[in-house]
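Enquirer: I would like to see how this sequence folds:
(chains A and B)
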Amino acid sequence: AQSVTQPDIHITVSEGASLELRCNYSYGATPYLFWYVQSPGQGLQLLLKYFSGDTLVQGIKGFEAEFKRSQSSFNLRKPSVHWSDAAEYFCAVGESNSGYALNFGKGTSLLVTP
Amino acid sequence: ETGVTQSPTHLIKTRGQQVTLRCSSQSGHNTVSWYQQALGQGPQFIFQYYREEENGRGNFPPRFSGLQFPNYSSELNVNALELDDSALYLCASSLGGGGFNQPQHFGDGTRLSIL
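Expert: Residues are numbered from 1 along each chain as shown, chains lettered A, B, ... in the order given. The predicted model follows:
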């Protein structure tokens, strides 16, 4: 089965600073990769996805992610963080062995300080 | 465009009871997926329904069952509730059998607490 690892459980950044959230996946072929964000008490919102082609993908809210096959990584970045970005971030890989399931990492909690 | 709505938002049950959670798909979406999110964890795939048929299932026991109706709304049923079933249950809808080209849109979830 495909899986993702998010090595950082918590990350704290200052407002206006840059952000990088790490995600590593395990899969032999080119995976379907996603980043979702979850605000407290809410469901998940899709930030961006990668299927093929250009390895740098742009998403909503100023986020981008880069697919690096050699490192099995799909890290999420933002050049300047806003206080409203504080949330839980989940990386996911598409698993098509049984339906079209998303296999999520355990998440990274982002805290933004003034 | 109406998004994915789930009901109820919160629910408290005791061990051994049964529960039904409901999900209304986003308008036009014919595929529904259910996920369980335990506290501090990422969501885990329970199963997926496409045009009223189950077309995928995760590693959950048979006491987790579901239905999809002709209007594409869905139910998740859990029998013989256990303490470990306490979690946020998320429903997601999408188009076209759930292929990854069609994004899954999530509801805000139902928080289930088992006492």
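
Enquirer: contacting residues around residue A:22?
Expert: A:6, A:7, A:8, A:73, A:75, A:108 (Cβ atoms under 8 Å, 6 or more residues apart in numbering or on different chains). For the C-beta atoms, the positions are set from N, CA and C on the backbone; glycine is no exception.

Enquirer: So which of these is the closest to chain B?
Expert: Set against chain B, the nearest of the contacts of residue A:22 by Cβ to the nearest Cβ is residue A:6 (8.2 Å).

Enquirer: you'd agree the closest one is up against residue A:23?
Expert: Yes - here residue A:6 reaches residue A:23: they are 5.6 Å apart, a contact under Cβ atoms under 8 Å.

Enquirer: Would the strand ranked longest in chain A count as contacting chain B?
Expert: Using DSSP state E, we find that the single longest strand of chain A is strand A:87-95. Yes - legend: contact between strand A:87-95 and chain B by Cβ under 8 Å from any Cβ of the partner chain is shown at A:90, A:92, A:94, A:95.

Enquirer: Show residues contacting stretch A:64-83.
Expert: A:13-27, A:30, A:33, A:35, A:47-48, A:50, A:55-59, A:61-63, A:85, A:89, A:91, A:110, A:112, A:114.

Enquirer: swap in stretch B:65-82?
Expert: With Cβ under 8 Å, 6+ apart as the test, stretch B:65-82 has contacts from B:13-25, B:29-32, B:34, B:46-47, B:49-54, B:63-64, B:85, B:89, B:91, B:93, B:114.

Enquirer: Now the helix or strand in which residue A:74 is found: buried residues?
Expert: Assigned by DSSP states H and E, residue A:74 belongs to strand A:73-78. Using 16 or more other Cβ atoms under 10 Å in any protein chain shown as the test for burial, strand A:73-78 gives A:73, A:74, A:75, A:76, A:78.
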